[in-house]
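Peer 1: Model the structure of this input:
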Amino acid sequence: MTAASSAKKRQIKLGAFRSATGHHAASWRHPDTNPAGGTDFEHFRKLALLAEDARFDLIFTADSDAAWSPTGDPEIAKRLGRGERFEPLTLYSALAAVTRNIGFVATASTTYNEPWHIARKFASLDLLSGGRAGWNIVTSGHAQAAANFGLQTHPDHAERYRRAGEFVDVVTGLWSTIEPDAYLRDKESGVYVRPEKIHTLDHAGEFFKVRGPLSVPRSPQGHPVLVQAGASEPGRELAARTAEAIFAA
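Peer 2: As a prediction, this is how the structure comes out:
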């Protein structure tokens, strides 16, 4: 195969970065916009099916562990249509049942979650969707989130990225604790699972101590796709080391 013929077979992967009421701060006021779209499942179902019918590869959802208000000014805050929104993994689990091909990239923070929870939830979505899940790895830029988790202050930038690096290692390690053929489920022999195919992780690091194994088997794609969007130097380093897809502006 020549270089020219190989290049012709390359395809652009299309992803839709969807916002419930649009990306403009005042787009919820447009006559054709559903202002309650952030918590309207039918609204998201239509968006997902539109993207799928248009042959998009994935839809992406941004998220935060704090209310989305970039300012303490109530006059500004009261006009932003971004405060109400579904938790993305819950939303995508429902959308997986009404779609066939579209991928789902959900945002989840490494600062305000535990690796076991993230590994299990994304592995579950990946299995439910037939291998269509992706994890957008973030460290949480909103300092307001700290108060929602019993913390006095938001961890500093360097600490958040050290934690994120170890967090991703633990999550991917947990996904690898179950070999693809671990669950035999053979009624005739009575063997449900092969213990030699399931492994402990036994991770002990600066931030986490996790034994494993995970309780969710492998999905058709092996594990969820890893996505990162860090623009700082530590963010770019994390993306280069861990990500399979990178958001860039």
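
Peer 1: Going by C-alpha atoms from here, please, whenever you check contacts or count neighbours.
Peer 2: Fine.

Peer 1: which other helices and strands contact the longest helix anywhere in the chain?
Peer 2: Longest helix in the chain, counting residues (DSSP state H): helix 157-175. Under the contact definition 3 or more Cα pairs under 8 Å, 6 or more residues apart in numbering; DSSP states H and E, helix 157-175 sits against helix 115-128, helix 233-242.

Peer 1: Off-centre distance for the next helix or strand after that helix?
Peer 2: Next along the chain after helix 157-175, taking DSSP states H and E as the criterion, comes strand 183-186. Strand 183-186 has its C-alpha centroid displaced from the chain centroid by 30 Å (Cα atoms, centre = their mean, to the nearest Å).

Peer 1: least trustworthy helix or strand in the chain by mean pLDDT?
Peer 2: The weakest-scoring helix or strand in the chain, judged by mean pLDDT, DSSP states H and E, is helix 3-8 (a mean of 63).

Peer 1: avg pLDDT for the helix or strand following that one?
Peer 2: Moving toward the C-terminus from helix 3-8, the next helix or strand (DSSP H and E) is strand 15-17. In this model, strand 15-17 has an average pLDDT of 94.

Peer 1: Over to Val138: give its phi and psi.
Peer 2: Note on Val138: its backbone torsions stand at phi -130, psi 160 [degrees, to the nearest 10].

Peer 1: Would you confirm that it contacts Ala106?
Peer 2: No - contact criterion Cα atoms under 8 Å: Val138 and Ala106 do not qualify, at 10.4 Å.

Peer 1: Can you get me the start-to-end distance on stretch 22-36?
Peer 2: Here the two ends of stretch 22-36 are set 12 Å apart, with distance taken as Cα to Cα, to the nearest Å.

Peer 1: Same question for stretch 178-197.
Peer 2: Its first and final residues considered, stretch 178-197 spans 6 Å by Cα to Cα.

Peer 1: Could you do stretch 13-22 as well?
Peer 2: Terminal-residue distance, stretch 13-22 (Cα to Cα): 22 Å.

Peer 1: Quick one: residues in contact with the longest helix of the chain.
Peer 2: For helix 157-175, contacts defined as Cα atoms under 8 Å, 6 or more residues apart in numbering pick out 110-111, 114-116, 118-119, 123, 138-139, 201, 203, 205-208, 210, 212-214, 218, 223, 234-235, 238, 242.

Peer 1: Show the buried residues in those.
Peer 2: Neighbour counting by 16 or more other Cα atoms under 10 Å classes 110-111, 115-116, 118-119, 123, 138-139, 201, 210, 212-214, 218, 223, 234-235, 238, 242 among the contacts of helix 157-175 as buried.

Peer 1: list the contacts for the closest residue to Tyr192 other than its chain neighbours?
Peer 2: Excluding the flanking residues, the one nearest Tyr192 by Cα to Cα, 6 or more residues apart in numbering is Arg185, at 3.9 Å. Taking Cα under 8 Å, 6+ apart, we find Arg185 in contact with Val191, Tyr192, Val193.

Peer 1: if you average pLDDT over the host helix or strand of the second one, what comes out?
Peer 2: Using DSSP H and E, the secondary-structure element containing Tyr192 is strand 191-193. Averaged across strand 191-193, the pLDDT comes to 97.

Peer 1: One more: stretch 214-224?
Peer 2: In the prediction, stretch 214-224 has an average pLDDT of 93.

Peer 1: any low-confidence regions in the chain?
Peer 2: Residues of the chain meeting the criterion pLDDT under 70: 1-7, 68-72.
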